Each structure stands twice: as C-alpha cells, then as structure tokens.
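Enquirer: A structural model of the following input is requested.
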Amino acid sequence: MRKGRCRSWIAVIGGTARDIWGFNYNGGLWRSTDDLRTWRLVWQGTPGLFVERALRTASGRVLIEVGDRGGRHRILRSTTRAATRFKQTFALPAQSYLHFTRNWGQYNVLGGPRGAIYVGEYGPNPNPVHLWRSTDDGRTFQSRVEVAGRSTSSPDRVRHFHGVFVDPITHWLWAAIGDNGPEPRIGYSQDGGQTFTWISRGLYPQSRAVALMFAPDAVYWATDVPEQPGAVYRWDRRTGGVTSVLEGLTEPYFDVLQARGWFAQISEISTKTDDGYIGDDHIHLVVGNGSRWQRVTTPWTRGAPQYKVAPLGLTLPDRAGCSWLSFPNLKGSDGATNVKLCLGP
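Expert: Modelled structure (predicted):
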C-alpha cells in the first residue's frame, strides 16, 4: 500500500490503470495516465458544480455524475474520447445520487443486452427507488426496476441501492439494497434486472451490505453495520445456504477489491452521533481468499471525531492486482488521501 506522489488533494473517483479520474470540488475533472504521479485538468464545469464519479464506457466516451449547490445530480456524457466536452443525458430525481463507484457499471449480464449501463439510485429517501438502465452507451436512461421507498407502508419497501454488480461466474446481475427493517436485501437477476431472487432479505445485519465478493463456489460480503457487531457472510452457490465465516466486526464495510484470487473489503470510520458507531478510529480491511479470512487494522486514522472516513473512487484492479482509492478526512491530510492497495502473492 502506498500514497500517490501528487501534492494536490485531488480525490480518485474511478477508472482503470492508466485511466484514472479525479476531482477536488472546484468543478473540474482531472485525469492521470501515469499511476497518479501527475494529474491533468481535462474539463472544467461551471461554478458551484462538482464531479462525484467517472466511468469510461465501451465506446471510449466518459460518463460523469455531477452535483450542484442545490443538491441536484445529473449524468453527463463526453462528446469525445478525450472527455474535454460533455452533454447532459440524464437528471436524477430530486435528492437522488450514486453511492460509490459500484453504484453503476457497464455489464454484459444474463438476460440483458450487451453493454448495458446500470445505475442504482441512492439518496436519503427516494420514492420510488429506481434501477436505471441505458442500452445506448449512456445517451439515454430508462427505469428497469421501480420499488416503493422507505416513506411508504409497503412491505416490499426499500431505502436505496447500495450497489449493482455483474457476477463473473454466472453473468447474473446482482444488487445490494439498504437499510433497516424489511428494507435490506441481497440478490441476483437472471433476466437483465427485470426481476430479482433475494438470497438474504430483511435479516439485520446479514442482509445489509454495500459490496459483494464473487468466488467460483460462493458469494461473500461483509456487513454495512455501524452500531452492532457484524460479520462476513457466505452464500453457497450449490446449496443456496448462507453462513457466517468471520464474526465480531465492529465497523461497516463498503467497497471491495477483488484480484488474483484474493478479496479485500474496506471499512468506513463512522460517527457515534450519527450512526451509533461502536468501532475505533482506524480504517480496517477484511481480507480473504475463500478458505481463510482475517480482519486487518491499517495505520490510517481519522483527523477528528466528528468526521466520517469512507473509501471512495476505487478503481478497477490492474494486472498486478492493484487499485487506487481515496480517503477523505484522514489524520495529517488537508482533504483527501489517495492510496494504492494491492492483492495477491
């Protein structure tokens, strides 16, 4: 693990090796092609605009999620591969936005068109809650799934999407949904996102997750639970049973790095005031290879107790099993700290 060499606190917001995207709340979109040794400003938004996420599509165009001071979030699509000009293609509903880099993705999933882009809707309490899909490389988006929100009395209500993923083994589309009561669930779709089979639903903390880890014989996840002990769970592909493989976690877990036969899920440092957090001031990792798992304490700590520290912008791993991500509010940082995390022998 190591920090980037850039003195600026430009935060990573997604990408792949040699194609990493960043922002710094000044309305700009930055790109690094040299493993974060340097950044280059490629696009500057209007005052009050900030870029939250970036995704390069199969066509080479770039999608970005931008927010404004009024709290509205939109998706813009670049008009060229260089991503120097953008055109708005979708306005998310009021108070809706994306959660992490895995809240959207371009996938070839079973029962769906090749190269479809899926966007899971996140926010305080959207109603209804949508799974959006684009079948034209991000030029337009349509609702694929519409579920009653938390403000309703529906027994099927949910709060928001935590993530949407493609299973590299079966090519099913998977979703993780939060948060409490009957809301949390984890499941898969075999028809391109039209319907889902839930492998865990309404069981707290088991059913509340942000990201998933896909192995040939099982699917794993660490729970997104700040106020009580959580665990790493395993869903057996053959039997459909769910069991815990590592218990006693005292922090919520968010993004996942999966590479070279290993998994690492990264924790958030929450706050007691907002979340009833029972953990400490360190970032932790849950690391495993399917047969053994362990909780690892990192040296990264938060700068002040009132701040949350969440892993942001995790890039897709390179051939060496390495990804970049960003942590805001770490001790000793004036903004965000970019860290390179590598897995495998």
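Enquirer: Let me know the average pLDDT across stretch 295-307.
Expert: With pLDDT averaged residue by residue, stretch 295-307 scores 95.
Enquirer: got the CA positions of it in PDB?
Expert: The C-alpha coordinates for stretch 295-307 follow below in PDB (Å, rounded to 0.1, in the frame of the first residue of the first chain):
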ATOM      1  CA  ARG A 295      -9.600  -8.500   9.900                       C
ATOM      2  CA  VAL A 296      -6.600  -6.200   9.300                       C
ATOM      3  CA  THR A 297      -6.100  -2.900  11.100                       C
ATOM      4  CA  THR A 298      -4.500  -0.300   8.900                       C
ATOM      5  CA  PRO A 299      -2.400   2.700  10.200                       C
ATOM      6  CA  TRP A 300      -4.900   5.200   8.600                       C
ATOM      7  CA  THR A 301      -6.900   7.100  11.200                       C
ATOM      8  CA  ARG A 302      -9.400   9.900  11.000                       C
ATOM      9  CA  GLY A 303      -8.400  13.500  11.700                       C
ATOM     10  CA  ALA A 304     -11.200  14.500  14.000                       C
ATOM     11  CA  PRO A 305     -14.000  12.500  15.800                       C
ATOM     12  CA  GLN A 306     -16.800  14.400  14.100                       C
ATOM     13  CA  TYR A 307     -15.700  13.300  10.600                       C
END
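Enquirer: quick one: buried residues of that stretch?
Expert: Buried residues in stretch 295-307, defined by neighbour count with 16 or more other CB atoms under 10 Å: 295, 300, 302. Any C-beta I mention is one placed from the backbone N, CA and C, and that applies to glycine too.
Enquirer: Quick check: which helices or strands does the helix or strand encompassing the first one pack against?
Expert: Yep, that's residue 295 we're talking about. In this structure, residue 295 is located in strand 293-301 according to DSSP states H and E. Of the remaining helices and strands, those touching strand 293-301 by 3 or more CB pairs under 8 Å, 6 or more residues apart in numbering; DSSP states H and E are strand 242-249, strand 282-288.
Enquirer: Out of those, indicate the one that is most buried.
Expert: The densest packing among these, expressed as mean neighbour count by mean count of other CB atoms under 10 Å, is seen in strand 282-288 with a mean of 21.
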